[in-house]
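Asks: I'll drop the sequence and a predicted model, then ask my questions.
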Amino acid sequence: MRKSSAILILALLGLWAASAQTPDFTAMLKKVDALVTFSNSDFSAECMVVQTKPGEGVTTNRVALFRRDSKEKYLMLILEPKSEKGKGYLKIDEGLWLYDPVNRKFEFSSSKERFQNSNARNSDFTHSNFAGDYKVTASKRDKLDTRDCWILDLKATSSDVTFPITRIWISDDNLVRKTEDYSLSKQLLRTTAMPSYQQVGQDRYIPVTIFIVDALRGKKIKGEFQHETTEMTISKPSLQALPDALFTKAYLERYGR
Amino acid sequence: MAATLPMALRNLLRRRGRYSILGIAMTLGCAIMTTVAGSLQGMRSSLQDKAALYYGGDFSLHGLRKDGLERIPDTALALKALGGRDEGLIVSPRIVDRESSSFLFFAGASIQLKMITGVDWKAEASSFERLNFISGGVRGIGENSGQGIIISEPMAEALGARVGDDLLVLGDTVTGQRNTATAVLRGIFRDSSFLGADTAYVGIDYLRSLMQYPEGATTEIGVKFARPGVAAKQVAEVQRRLEGSLPMFALASSRDELFKMQADQDWQGQRYAILSLKAHVRQIDQVVELMSIALYALVGILLGVVVLGIANTYRVIVYERRREIGTMRALGMQRLGVARLFLAEAGCLASLSSVLGIALALALLAIIGSLSFSWIPGFDVFLSHGRIAWYLSPGLLVTVVGIMLSTALLASWAPASRAAHIEPAAAYVME
């Protein structure tokens, strides 16, 4: 009797110790989201989007990015190339609108759509919401290069997200370093790497570079399969207040003229 | 009267030199008219066939909600209301993703699908055999978990895929999540038209799994009539029968009209609608109508030229035979008899030309039918296995002969009338 009680107590202590070491992943995801969300100010930056299609060359877009995360609004304005200048993606209310300055028309788009036919999605330009959109289904510790990371398998709890299953590598400073995005049937669709971040303001961060590899699109060049890639470099971050008129269709129409 | 016809035939044979040019012109006119009509009939028939495959039969039953969602939530209920073979109907439920955001991938290449359709291969495979397959086919496609896919030649070329290759289908579930599934390429069909060029066909269960479509639900049911008949009448009968058991929209003459009804009317919940094949292909039909009008207008001009030719030739013939006419009149033939004789000659010439013209048209159609027209972009919709499947209905042949006869009689009426008024004495004085 005494022996069995002792074993039971030890087992319970072991379980308690194990659970004490496993972090609260929901809290971790909230921290991750918070570090890249600008809830108390506007955010603007310039983004260079370079897409490489094997055998077809390189396409470059220079984009001005404006975000008001507190109101879930953002505007992406194409600055270059000249042929695309004036095109804009405006997220207001529940809709994402694509403005074509040539036809002077707004077309309803989606954050799930590819940005300018690249491997980036429109949703890649805004803040993450892992805590709200996903639940953790598995976790483990591992290294990514030299960094110790938590690797979390996430399953979407919302149909608004682009990828229903995703795996993220979170370094100990609560920054996402890598993601693998999967289809519902667990087919790898793309891999995204964010090797370094830049601090913006007191305690907010933005990736310096986002490197996306499309798992499905590519071409065999000299016997070797090369994937389509997109590299996004973010520069000139600013927390300066932005005018309300910036997040309106009228602004896009004026700019397009 | 009884002697008129033999006399007319004898006159034709005796003057075959004079009538031969006219006969050749009429034969060619008849041949062109018959060839054009036969080709158009065949093209229309091929269009109907392709559209029937694309849209699921002679008509389709759709489920609609006020929010725009197209779904039949309880397919079994809808099938029960439709009836089956007992009601003379062959039914085939389908899941159709129109304005699809799906992609096909193979070896790094990708193409976007305009439409992906999930069909019951067991019920529809025999219909799909009518497609112009350049590689593979649908035989046995429904077996082995039915993960086969058939695509058009342009799509296969864009992917660089061949029959037997594994393609990856990337699509959205009904809740908007990205999903993928592998499908084996089983057939590549030739179709560069808007109907088939950007459409892929897969098994209904495969698509249900990819889209996470609710069990027991479909987007539409394709229906074919087991017995041929007047389609419009049969569709109206089915509409009347369904109105007794399902909440139905009125019959729409086009998809646009149905959408307008859906938006304008004050209603809630679930309703159903029948779209006939005619309603589905209304816009193409209008193009074919315009094409037919243009071609028939050209044929009309040709016939006009033939009419002028007949009229002029007969004027000369009457002048040349005025002594003969005078002699017949002197021997007691009445004016009506003279007119009847010339009209009978024209009628016999038209009949003979019609027979020869139709025979020539058959030869021309056989040549046309042996040529491939797939190289014309978008023309596949009017072809059967890349060729014009011409068709001459009995009604068409009767119409052609009727037109030839009326044309000849119309053209020869004035000269025959003039011949009838030649007085015997005047005929000899005219010398």
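Replies: Arrived safely.
Asks: Enumerate the residues of the stretch 101-250 of chain B near chain A.
Replies: Within the stretch 101-250 of chain B, the positions near chain A by CB under 8 Å from any CB of the partner chain are B:105, B:107-110, B:168, B:170, B:173, B:175-181, B:212. C-beta coordinates here come from the backbone N, C-alpha and C atoms, glycine included.
Asks: Spatially nearest residue to B:Gly83 (excluding sequence neighbours)?
Replies: What sits nearest to B:Gly83 in space, not counting adjacent residues and going by CB to CB, 6 or more residues apart in numbering or on different chains, is B:Leu89, at 6.0 Å.
Asks: beta partners of that neighbour?
Replies: Beta-bridge pairing for B:Leu89 (DSSP bridges): B:Phe225.
Asks: So it versus B:Met248, what's the distance?
Replies: 16 Å (CB to CB, to the nearest Å).
Asks: Show me which of these two is the more surrounded one.
Replies: In this view B:Leu89 and B:Met248 are compared by other CB atoms under 10 Å in any protein chain shown, and B:Leu89 has more residues nearby, 21 against 17.
Asks: show me the contacts for the more buried one.
Replies: Residues near B:Leu89 by CB atoms under 8 Å, 6 or more residues apart in numbering or on different chains: B:82-83, B:223-226, B:238.
Asks: run the last query once more with 10 Å
Replies: The contact partners of B:Leu89, taken as CB atoms under 10 Å, 6 or more residues apart in numbering or on different chains, are B:57-59, B:79, B:82-83, B:221, B:223-227, B:234, B:238.
Asks: Check B:Leu170 too.
Replies: A:183, A:187, A:189, A:216, B:101-105, B:110, B:112-113, B:178-181, B:210.
Asks: any idea where the strands of chain B begin and end?
Replies: Remark: strands assigned in chain B by DSSP state E are B:59-65, B:89-98, B:103-106, B:109-112, B:115-119, B:133-136, B:148-152, B:166-172, B:178-189, B:199-203, B:220-225, B:270-276.
Asks: Could you dump the ones you listed into TSV and include mean pLDDT?
Replies: Converted to TSV, the strands of chain B look like this (pLDDT from 0 to 100):
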stretch	mean pLDDT
strand B:59-65	91
strand B:89-98	89
strand B:103-106	95
strand B:109-112	93
strand B:115-119	93
strand B:133-136	92
strand B:148-152	94
strand B:166-172	94
strand B:178-189	94
strand B:199-203	94
strand B:220-225	90
strand B:270-276	92
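Asks: Could you verify my assumption that A:Leu65 touches A:Lys73?
Replies: No. Shown here, A:Leu65 and A:Lys73 do not form a contact pair, counting by CB atoms under 10 Å, at 12.0 Å.
Asks: Can you report how many residues lie near A:Asp145?
Replies: The local packing count at A:Asp145 equals 11, with neighbours defined by other CB under 10 Å.
Asks: Quickly note the distance from the nearest residue to it once chain neighbours are set aside to A:Pro237.
Replies: If you skip the residues right next to it in sequence, A:Asp145 has A:Pro195 as its closest partner in space, 7.9 Å away by CB to CB, 6+ apart. From A:Pro195 over to A:Pro237 the distance is 17 Å, taken as CB to CB.
Asks: Stretch B:410-429: which residues count as buried?
Replies: In terms of neighbour count (16 or more other CB atoms under 10 Å in any protein chain shown), stretch B:410-429 has its buried residues at B:411-413, B:415-416, B:418-420, B:422, B:424, B:427.
Asks: same thing with stretch B:392-401?
Replies: B:392, B:396-397, B:400-401.
Asks: Show me which pair in these is furthest apart.
Replies: By the measure CB to CB, B:Leu392 and B:Val401 form the most distant pair in those, at 11.7 Å.
Asks: Report the residue spans of chain B with pLDDT below the cut-off.
Replies: Confidence mapping of chain B against pLDDT under 70 gives the ranges B:1-2, B:85-86, B:144-146, B:228-230, B:427-431.
Asks: 50 instead, please
Replies: Filtered on pLDDT under 50, chain B yields the residue ranges B:431.
Asks: circling back to that earlier point, now, the most widely separated pair of the residues of the stretch 101-250 of chain B next to chain A?
Replies: Distances among those were taken as CB to CB; the most separated pair is B:Ala107 and B:Thr175, at 29.9 Å.
Asks: between those two, which one's more packed in?
Replies: Set B:Ala107 next to B:Thr175 and count neighbours by other CB under 10 Å: B:Ala107 wins out with 17 against 14.
Asks: Show the contacting residues for that one.
Replies: Shown here is B:Ala107, whose contacts under the criterion CB under 10 Å, 6+ apart are A:216, A:218-220, A:225, B:159-161, B:165-168.
Asks: rerun at 8 Å
Replies: A:220, A:225, B:159-161.
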